[in-house]
Structures are given as structure tokens and as C-alpha cells.
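Q: here is my input; please provide its structure:
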Amino acid sequence: MLARPIKLALFILLAAMPLASPSHAEDKALKVGTLKLIHGISAYFYEKFAPPGYTVEVIPFESPTDGKNAVLTGTVDTCIHGIAAFLLGAAAGEPVTIVANANNGGMAIMAGTNTGIKTFKDLKGKRVAIWPGSTQEAVFLERLRMEGMTIKDIQPIRLGFGDHAPALARGDIDAYVGAEPAPGISLANGTGVLVEYPYSTPIGSLNMIVSASEKAVKENPDRIKLIVDMHRKAVDYAMANPPVIVEMAMQKLGQQKKSIELAVPNVELAWKIDDVFMQRAGAYAKLMLENKQIRQAPDLAHVVTKQFM
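A: Numbering: from 1, shown residues only. As a prediction, this is how the structure comes out:
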């Protein structure tokens with residue numbers, strides 16, 4: 001006779017108790033993405049600044065688009081990748097958000113030592129490797145316009161960042177619009193010469209950002225803030241200690257010390273979203289619109305958040 005009232009009381013008691021996290025251990029396993037480039041190296045320092053009990057898994061990606069898509073699918077919590085890939089996605093209505101800056105610089109236009117290319121205009125008619133949809137492509141298109149040229153004045157070769165330096169060394173291409181450490185490699189092995197660091201456009205040296213999905217920002221802001229805080233500390237630590245960047249890049253990218261040392265001065269790790277960042281991001285969106293890379297410019301006030309600064 002008493003069994004039913006006891007069961008009912010037990011049910012009420014259990015219902016009143018706070019629910020436990022479905023997977024406490026899993027909640028503390030952070031997954032962050034980055035590109036296989038020196039200017040994405042800060043992700044590998046996150047774990048140094050992780051709160052007690054948290055682990056950090058860094059997942060490297062070959063292309064900016066792959067990194068951005070991993071954020072959208074929830075494969076990673078955040079990802080460091082080029083702002084051009086972000087703008088392409090945001091302009092198409094993809095629910096992705098910039099939560100921090102990641103890098104200024106890290107770009108270079110390199111030419112083969114025996115090509116006779118010394119200035120930007122010397123690229124006319126040459127085989128130039130570019131990664132479509134990259135920040136470098138947006139910058140290069142603007143540099144062409146500034147010199148009174150168009151993409152039709154060169155022979156564009158679709159090629160990933162990791163293949164730039166080897167292709168130049170083999171003579172498969174005459175030049176490339178690349179990302180570190182490729183320029184450092186070409187300088188170190190004597191197969192390439194610097195044409196320019198393409199930072200004279202309204203975009204300046206802005207290059208890579210930290211993105212997260214809109215869903216993650218809205219539903220789990222504390223988790224995103226935790227990662228952005230680690231990112232800030234990692235950036236400040238690495239920039240104050242250049243030798244650790246060299247050591248980590250050698251370990252994670254498998255490059256020689258000489259090439260990394262030549263690349264590091266061209267890389268400024270960053271985290272702040274300030275007025276300069278917003279101006280440069282706006283210039284990026286405008287240029288991509290003018291170049292018909294996007295059909296409409298995204299509302300930066302909506303797709304960039306300063307709440308984690």
C-alpha cells in the first residue's frame with residue numbers, strides 16, 4: 001500500500017534535483033582548428049593556458065574554407081583561418097562569426113630566382129600560383145588593380161599554399177602569392193626572391209581571424225570566451241618570445257630552422273578586434289564585392305562580435 005506514495009515522493013525528489021551535465025569530461029575537451037601555416041601557430045600554445053581539467057586538441061586544415069566549414073559543422077569549437085573565407089561564407093548567409101583577430105601579415109609575393117621578375121609589373125604574362133578563395137587572392141586582385149592590371153594579364157595557376165615553394169623550386173610556376181612559411185622556405189633554399197609584401201592596399205596586413213558558429217556564440221558563450229582568453233594569452237606569450245614560435249613551427253610544420261627564422265619577422269600574431277580591424281575588414285568586404293567574389297557584403301556589425309574582447 002505504501003509503495004506507490006514512496007515511488008511518487010522519490011520521483012518528485014529526483015525531479016527537483018539539478019540535472020548533471022550529460023558529459024562533463026567531454027565538455028572540457030576543447031577542439032580548435034588552425035591552418036598549416038606559421039600565422040596559425042598560436043593555437044598550439046592554447047593548452048599552456050587552459051584552465052585546470054581542460055584539454056585542447058588542435059586540428060590542422062589545408063585550406064581556409066575547410067577550416068571555416070569545420071566550425072559550421074561543429075567539428076571544432078573555433079578555427080583560425082583567412083578572413084576571405086569567412087567573408088565568402090558570411091556573404092552567402094552562413095551562420096559564422098568572427099570572435100577574435102588572429103594574424104596580421106604572413107603574406108608575400110615570391111618569384112623564381114631565374115625568372116627575371118623583380119617588380120610587381122614584371123608578373124605580366126607569367127605563371128602565378130594563387131589559392132582561390134584565400135585572403136591572398138583578394139589582396140592580389142587589389143594589387144593588380146592598383147598597378148592598372150587585371151587577372152587576365154597573368155597566367156593564374158590554382159595551387160594550395162603547401163605546394164607553392166616546391167612548385168617554384170621545380171620551375172613549374174614563375175611566381176606565387178603565398179603564405180608563410182612558403183616564402184621563408186623559398187628564401188632559405190635560394191630558389192625564390194621577394195617581389196613584395198603586399199600590404200599597401202586598404203586591407204593593410206589583416207589576414208587571419210578566429211571564427212566560431214553563431215550557434216556556439218549564442219548557446220555556449222562561456223566556452224567561446226574561454227577559448228578566446230586562451231588565444232589572447234597564447235598570442236601575447238608567443239609574440240613576446242619569438243624563439244618559441246620558431247621551435248613550435250619546426251615541430252608542427254616540419255620545416256627547417258633557417259626557413260622558419262626568415263618567415264617569423266613577416267608574421268604578427270594578433271587577437272584584438274578594434275577600430276583598425278573593423279576598417280580593414282570593411283575594406284576586405286568592399287574589395288571582394290568589387291571583384292565579384294561575393295554578391296553582397298555581409299553586415300560586419302552582425303557577423304563580428306566584440307563580446308569576448
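Q: top strand in this structure by residue count?
A: Longest strand of the chain, by residue count under DSSP state E: strand 96-105.
Q: which secondary structure elements does that one sit against?
A: helix 64-73, strand 78-82, helix 83-91, strand 206-213, helix 214-219, helix 221-240, strand 267-269, helix 300-303 (3 or more C-beta pairs under 8 Å, 6 or more residues apart in numbering; DSSP states H and E). Placement of C-beta: from N, CA and C, glycine included.
Q: show me the one of these that comes nearest Leu287.
A: Closest to Leu287 of the helices and strands packed on strand 96-105, according to C-beta to C-beta: helix 83-91, at 9.6 Å.
Q: now do the same contact list for the residue nearest the centre of the chain.
A: Nearest residue to the geometric centre of the chain (C-alpha atoms, centre = their mean): His81, 1.8 Å. Residues in contact with His81, defined by C-beta atoms under 8 Å, 6 or more residues apart in numbering, are Gly33, Thr34, Leu35, Gly40, Phe61, Pro64, Thr65, Gly67, Lys68, Met208, Ile209, Ser211.
Q: related to what we said a few turns ago, show me how far the longest strand of the chain is from its chain's centre.
A: Centroid displacement of strand 96-105 relative to its chain, using C-alpha atoms, centre = their mean, to the nearest Å, is 7 Å.
Q: ok, now stretch 261-270?
A: Its chain's C-alpha centre and that of stretch 261-270 lie 14 Å apart, by C-alpha atoms, centre = their mean.
Q: quick one: average confidence on it?
A: Averaged over stretch 261-270, pLDDT sits at 94.
Q: buried residues, that stretch. List them.
A: Glu261, Leu262, Ala263, Val264, Asn266, Val267, Glu268, Leu269, Ala270 (16 or more other C-beta atoms under 10 Å).
Q: sorry, back to before: nearest to Phe161, of the contacts of His81?
A: Proximity of the contacts of His81 to Phe161 (C-beta to C-beta) peaks at Leu35, which lies at 7.8 Å.
Q: the closest one contacts Ile80, correct?
A: Yes - applying C-beta atoms under 8 Å as the test, Leu35 and Ile80 come out as touching, 6.5 Å apart.
Q: what do those two both touch?
A: Shared contacts of Leu35 and Ile80 (C-beta under 8 Å, 6+ apart): Gly67, Met208.
Q: so for Gly192, which of the helices and strands packed on strand 96-105 sits nearest?
A: Of all these, it is strand 267-269 that lies closest to Gly192, at 17.3 Å by C-beta to C-beta.
Q: contact partners of the closest one?
A: Residues outside strand 267-269 that contact it (C-beta under 8 Å, 6+ apart): 38-39, 41-42, 102-106, 180, 205, 235, 238-239, 245.
Q: kindly export the helix or strand immediately after it in the chain (C-alpha atoms) in CSV.
A: Counting by DSSP states H and E, the element after strand 267-269 in chain order, helix or strand, is helix 275-290. C-alpha atoms of helix 275-290 as CSV (Å, rounded to 0.1, in the frame of the first residue of the first chain):
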residue,chain,number,x,y,z
ASP,A,275,38.6,50.1,-34.9
VAL,A,276,41.6,49.4,-37.2
PHE,A,277,40.5,45.7,-37.5
MET,A,278,36.9,46.8,-38.4
GLN,A,279,38.1,49.3,-41.0
ARG,A,280,40.4,46.7,-42.7
ALA,A,281,37.6,44.1,-42.6
GLY,A,282,35.3,46.5,-44.2
ALA,A,283,37.8,47.2,-46.9
TYR,A,284,38.1,43.5,-47.5
ALA,A,285,34.4,43.1,-47.9
LYS,A,286,34.3,46.1,-50.3
LEU,A,287,37.1,44.7,-52.5
MET,A,288,35.6,41.3,-52.6
LEU,A,289,32.3,42.8,-53.7
GLU,A,290,34.0,44.9,-56.4
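Q: alright, I will stop here.
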